[in-house]
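Participant: Provide a 3D model corresponding to the input given below.
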Amino acid sequence: MQEKLENVKTVIPNGFWETFGNFLNFELISFGKDQNRIVITVGLIILLLVSLFVVKIILRLIRKIYTRKLEPDEKLRFLGAYNFIGYLVYILVFVSVLSSAGIDITLLLTATAVIFIGLGLAMREIFQDIIGGIYIILDKSVQAGDIIEINEKVCKVFDTKLRTTRAVTRDDKVIVIPNHKFVTDPVINYTQNYKNTRQFVKVRVALNADIDKVKKILIEAAKTHSKVLKKPDPFVFFEDFGEDAYLLGIYFFISESFLEPKIKSDIRFTIEKEFRKHAIKFPHPQRDIHFYKTENSD
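Facilitator: Numbers count the residues shown, from 1 in each chain. A predicted model of the protein is given here:
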């Protein structure tokens with residue numbers, strides 16, 4: 001064993017370790033005085049980088065193991081919470097490494113707080129977005145995979161970050177939403193409670209139409225669509241008597257609310273085809289104008 005150590009010493013010169021130690025202890029930044037002095041060395045920077053890199057590998061491994069059997073929407077929801085937890089883990093590791101290196105964290109946090117107060121006044125909306133991001137992640141009011149309506153736009157959320165949320169609209173355009181919007185503005189979440197949503201298509205038929213036949217056609221038009229759920233069954237409401245038409249609505253359930261316009265369009269095409277086939281007429285508004293001749297008219 002002694003011979004091996006001597007062999008190592010012959011391979012690595014004695015002065016190497018002294019030089020390497022001096023390199024690690026080289027001061028990059030220092031501020032404060034006496035006991036309150038904070039020193040940032042090369043060794044501390046290397047330790048921070050290595051620690052954060054190891055944490056990144058571990059978090060990535062956990063994410064890979066946990067999400068391998070999840071459905072796409074569930075995976076997106078997990079990634080939103082995962083990103084937030086990742087930020088917290090990085091902060092904890094950063095603080096722990098500094099504390100283990102003998103740096104007084106209290107002084108560092110005090111200095112950081114002063115900086116954040118100054119930045120907060122200058123970048124108030126950014127901090128509002130970050131607070132909003134923490135709120136929606138913890139509250140789960142909006143998650144990846146949800147269908148939402150905000151500012152009269154319907155979109156599907158696919159990524160939730162600390163400052164912004166990204167969603168895709170029905171015309172395949174990505175919209176970036178500042179997170180404070182979810183706290184200050186009204187947001188409709190179509191899939192907050194359930195993935196399935198109830199939809200409807202309303203029709204007007206002539207007053208001489210066979211209502212029972214119309215009802216069967218409407219139900220069959222919904223049932224034959226591949227995106228309409230078999231359970232609960234589609235059903236028809238007799239909405240009202242119009243001046244020149246019966247008003248009816250076919251109600252059905254779907255699990256892909258994002259495709260609502262296309263599904264409704266397909267059902268309308270089917271209804272029109274079946275109505276034409278069975279000679280069921282759509283009413284056209286009709287107005288009768290009567291002219292009266294008075295005694296003084298020419």
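Participant: at which residues are the helices of this structure located?
Facilitator: Taking DSSP state H to define them, one finds helices in the chain at 2-11, 14-24, 42-67, 72-100, 105-122, 124-139, 181-184, 211-223, 260-277.
Participant: and the ones you listed, which one averages the lowest pLDDT?
Facilitator: The weakest mean pLDDT among the helices of the chain belongs to helix 2-11, with a mean of 50.
Participant: find the nearest non-adjacent residue to residue 232, please.
Facilitator: residue 253 (5.6 Å; C-beta to C-beta, 6 or more residues apart in numbering). Quick note: C-beta positions are derived from backbone N, CA and C, even for glycine.
Participant: which stretches of the stretch 151-298 of the chain aren't confidently modelled?
Facilitator: For the stretch 151-298 of the chain, applying pLDDT under 70 flags the ranges 285-288, 290-298.
Participant: again, only this time at 50
Facilitator: Within the stretch 151-298 of the chain, no range satisfies pLDDT under 50.
Participant: sorry, back to before: gap between the residue nearest to residue 232 and residue 158?
Facilitator: Applying C-beta to C-beta, to the nearest Å, one obtains 24 Å for the distance of residue 253 from residue 158.
Participant: now do residue 127
Facilitator: Using C-beta to C-beta, residue 127 is found at 25 Å from residue 158.
Participant: ditto for residue 191
Facilitator: According to C-beta to C-beta, residue 191 and residue 158 sit 13 Å apart.
Participant: next: residue 195.
Facilitator: From residue 195 to residue 158 the distance is 16 Å (C-beta to C-beta).
Participant: looking at the two, which is more packed in?
Facilitator: In terms of neighbours (other C-beta atoms under 10 Å), residue 158 is the more surrounded of residue 195 and residue 158; the figures are 18 against 14.
Participant: isn't that one right up against residue 144?
Facilitator: Yes - in this structure residue 158 lies within contact range of residue 144 using C-beta atoms under 8 Å: 5.8 Å.
Participant: which ones are touching the residue nearest to residue 232?
Facilitator: For residue 253, the contacting residues are 196, 197, 198, 199, 228, 229, 232, 234, by C-beta atoms under 8 Å, 6 or more residues apart in numbering.
Participant: any idea how far the last one is from residue 246?
Facilitator: Think residue 234. Taking C-beta to C-beta as the measure, residue 234 and residue 246 are separated by 18 Å.
Participant: so which of these two has more stuff around it?
Facilitator: Looking at residue 234 and residue 246 with other C-beta under 10 Å, you find the greater number of neighbours at residue 234, namely 22 against 19.
Participant: ramachandran coordinates for that one?
Facilitator: Reported as degrees, to the nearest 10, the phi and psi values for residue 234 are phi -60, psi 150.
Participant: check contacts around it.
Facilitator: Residues counted as contacts of residue 234 (C-beta under 8 Å, 6+ apart) are 218, 219, 222, 223, 228, 250, 251, 252, 253.
Participant: which non-adjacent residue is nearest the first one?
Facilitator: Across the structure, with C-beta to C-beta, 6+ apart as the measure, the residue nearest residue 218 apart from its sequence neighbours is residue 250 (4.0 Å).
Participant: residues contacting the one you found?
Facilitator: With contacts defined as C-beta under 8 Å, 6+ apart, residue 250 is in contact with 200-203, 218-219, 221-222, 234-236, 267, 271.
Participant: now render these as a markdown table, adding distance to residue 83.
Facilitator: Shown next, in a markdown table, are the contacts of residue 250 (distance: C-beta to C-beta, whole Å):
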| residue | distance to residue 83 |
| --- | --- |
| 200 | 38 |
| 201 | 40 |
| 202 | 43 |
| 203 | 46 |
| 218 | 46 |
| 219 | 45 |
| 221 | 44 |
| 222 | 40 |
| 234 | 40 |
| 235 | 43 |
| 236 | 46 |
| 267 | 39 |
| 271 | 45 |
